[in-house]
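Enquirer: Model the structure of this input:
(2 chains)
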There are 2 protein chains.
Amino acid sequence: MREFEILEEFLDFAWLQIARGKADRKSPARCPTFITTNNDGYPRARTLVLRRSNRESDEIEFHTDKTSQKMLSLEKDSRAGIHFWLPKVQLQIQMDVNVKIKVGEVTAPIWRNVPKSSRVSYGTIPTPGTIIKKPFDYEQNPAQNRFAILTCNIQIIELLHLGDKHVRARFMKSQKWNGLWLAP
Amino acid sequence: MREFEILEEFLDFAWLQIARGKADRKSPARCPTFITTNNDGYPRARTLVLRRSNRESDEIEFHTDKTSQKMLSLEKDSRAGIHFWLPKVQLQIQMDVNVKIKVGEVTAPIWRNVPKSSRVSYGTIPTPGTIIKKPFDYEQNPAQNRFAILTCNIQIIELLHLGDKHVRARFMKSQKWNGLWLAP
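Expert: A predicted model of the protein is given here:
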């Protein structure tokens, strides 16, 4: 099991795992948990597919239906969280992020690259979360005007590695990503 | 792939997975994500080991260090969330829960059954989250007075099954767990 004693290497390792999540369909880093605060005050988490990550611009991107409940939450409070648990390497990655929502014409270049099989997720009728009588009382009607891009600007990254000894660190954008060790 | 057309069977299936999480150390249901709202306003998620589940009393239980940051969050706001993503069965389970914290003498019978190897998680010096100079500048000093039980009383369960067709439903304690189908 790997050990970490240098902050920068620890952060590099985490970003390497995130990059693998994009490249390897089987990596658990491909499906992180995205967390918002529901309008009823309860925090709410859901699994989303990681669509883009960019360490240089401190960004993680997800796609969603414009009418989903997480959109209502984000319109009220753009502060969100991202969580990865990677069992093979025993690494937890937690992020505080500020989310910028993109809808409409600006999403067209991305929409063009969304495979047909994936487009069914954007445009369900009635809209996601609507009460229906029977489980299949809905239609999938893919539509670019229902497609939204969630660009998450990362503010804080916290890492916990459960090696022979536990190691924990926090990295903040406001500190130019210079890290701090924390007691685990 | 299984299909669900009866609400009760859908909920039964979810509870079966949760029970397996307790019995099978390798099940991803053993390590759900526990979500609170941090005191800085960001929602925060972390992986925790499922210690107990009880469908009859609508409870899920976790253990934690009394001085951890999630305890500070819960003291301010006891509303929390639990999230499971079970890739093999393509099932997501989301819960809204109210958390009751147990510390002190009342935890003694449970503490006695915590294996020695697990006790090291309760009693780190300095307390979890404290800034330290080097990654291993901490000691593990297991102590029952640092042990806390988080009893999560489940209010809402929402299920999403990604079968050939997507199926989604919501179950509420206030409705005696009678469910509703939702558009996915």
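Enquirer: where does chain A have low pLDDT?
Expert: Chain A contains no residues with pLDDT under 70.
Enquirer: List every C-alpha atom in the helix of greatest length in it, with coordinates, as PDB.
Expert: Ranked by number of residues, the top helix in chain A under DSSP state H is helix A:7-23. Presented in PDB, the C-alpha positions along helix A:7-23 are these (Å, rounded to 0.1, in the frame of the first residue of the first chain):
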ATOM      1  CA  LEU A   7       1.500  17.100   0.100                       C
ATOM      2  CA  GLU A   8       2.000  17.700  -3.600                       C
ATOM      3  CA  GLU A   9       2.300  14.000  -4.400                       C
ATOM      4  CA  PHE A  10      -0.800  13.300  -2.400                       C
ATOM      5  CA  LEU A  11      -2.800  15.800  -4.500                       C
ATOM      6  CA  ASP A  12      -1.200  14.600  -7.700                       C
ATOM      7  CA  PHE A  13      -2.300  11.000  -6.800                       C
ATOM      8  CA  ALA A  14      -5.900  12.200  -6.300                       C
ATOM      9  CA  TRP A  15      -6.000  14.000  -9.700                       C
ATOM     10  CA  LEU A  16      -4.600  10.900 -11.300                       C
ATOM     11  CA  GLN A  17      -7.500   8.900 -10.000                       C
ATOM     12  CA  ILE A  18     -10.000  11.500 -11.200                       C
ATOM     13  CA  ALA A  19      -8.400  11.400 -14.700                       C
ATOM     14  CA  ARG A  20      -8.700   7.600 -14.700                       C
ATOM     15  CA  GLY A  21     -12.400   8.000 -13.900                       C
ATOM     16  CA  LYS A  22     -12.800   9.800 -17.200                       C
ATOM     17  CA  ALA A  23     -10.700   7.300 -19.200                       C
END
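Enquirer: Name the residues that touch it?
Expert: A:2, A:4, A:27-32, A:50, A:52-53, A:55, A:60, A:84, A:86, A:89, A:91, A:93, A:157, A:159, A:161, A:167, A:169, A:171, A:177-181 (CB atoms under 8 Å, 6 or more residues apart in numbering or on different chains). Every C-beta, even on glycine, is put in place using the N, C-alpha and C of the backbone.
Enquirer: Report whether the expected contact of residue A:169 with residue A:184 is present.
Expert: No: using CB atoms under 8 Å as the test, residue A:169 is too far from residue A:184 to be in contact (9.5 Å).
Enquirer: Does stretch A:134-151 reach chain B?
Expert: Yes: applying CB under 8 Å from any CB of the partner chain, one finds stretch A:134-151 touching chain B at A:134, A:135, A:136, A:137, A:138.
Enquirer: In helices, which of the residues you listed appear?
Expert: Per DSSP H, these never map to helices.
Enquirer: rewinding a little: the helix or strand following the longest helix of chain A pairs with which strands?
Expert: The C-terminal neighbour of helix A:7-23 among helices and strands, as given by DSSP states H and E, is strand A:33-37. Looking at strand A:33-37 with DSSP bridges, its partner strands are strand A:43-47 (antiparallel), strand A:79-86 (antiparallel).
Enquirer: Now mean neighbour count and distance to residue B:100 too, for the ones you listed, in TSV please.
Expert: Below are the strands paired with strand A:33-37 laid out as TSV (neighbours: other CB atoms under 10 Å in any protein chain shown; distance: least, CB to CB, whole Å):
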stretch	mean neighbour count	distance to residue B:100
strand A:43-47	24	17
strand A:79-86	23	23
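Enquirer: quick check: longest strand of chain A.
Expert: strand A:147-162 (DSSP state E).
Enquirer: what about dumping the CA coordinates of that one to CSV?
Expert: The C-alpha coordinates for strand A:147-162 follow below in CSV (Å, rounded to 0.1, in the frame of the first residue of the first chain):
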residue,chain,number,x,y,z
PHE,A,147,-29.9,19.7,-21.4
ALA,A,148,-27.8,21.4,-18.7
ILE,A,149,-24.1,21.5,-18.0
LEU,A,150,-23.0,21.9,-14.4
THR,A,151,-19.6,23.4,-14.2
CYS,A,152,-18.2,22.9,-10.7
ASN,A,153,-15.5,25.3,-9.7
ILE,A,154,-13.5,23.5,-7.0
GLN,A,155,-12.7,25.6,-3.8
ILE,A,156,-11.5,23.0,-1.4
ILE,A,157,-10.2,19.4,-1.8
GLU,A,158,-9.8,17.2,1.2
LEU,A,159,-8.1,13.8,0.9
LEU,A,160,-8.2,10.8,3.3
HIS,A,161,-6.0,7.8,2.5
LEU,A,162,-6.5,4.7,4.6
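Enquirer: Now do the longest helix of chain A against strand A:147-162, angle only.
Expert: 130 degrees (axes from the mean of the first three to the mean of the last three CA atoms, to 10 degrees).
Enquirer: For helix A:7-23, buried residues please.
Expert: Neighbour-count burial for helix A:7-23, counted by 16 or more other CB atoms under 10 Å in any protein chain shown, picks out A:7, A:10, A:11, A:13, A:14, A:17, A:18, A:19, A:20, A:21.
Enquirer: from the chain's centre, how far out does that helix sit?
Expert: 15 Å (CA atoms, centre = their mean, to the nearest Å).
Enquirer: before we move on, what about stretch A:31-39?
Expert: That offset, for stretch A:31-39, works out to 8 Å (CA atoms, centre = their mean).
Enquirer: how about it: buried residues?
Expert: Under 16+ other CB under 10 Å, the buried positions of stretch A:31-39 are A:31, A:32, A:33, A:34, A:35, A:36, A:37, A:38.
Enquirer: So the nearest residue to the fifth one once chain neighbours are set aside versus residue B:182, what's the distance?
Expert: If you skip the residues right next to it in sequence, residue A:35 has residue A:81 as its closest partner in space, 3.8 Å away by CB to CB, 6 or more residues apart in numbering or on different chains. Distance, residue A:81 to residue B:182, using CB to CB, to the nearest Å: 24 Å.
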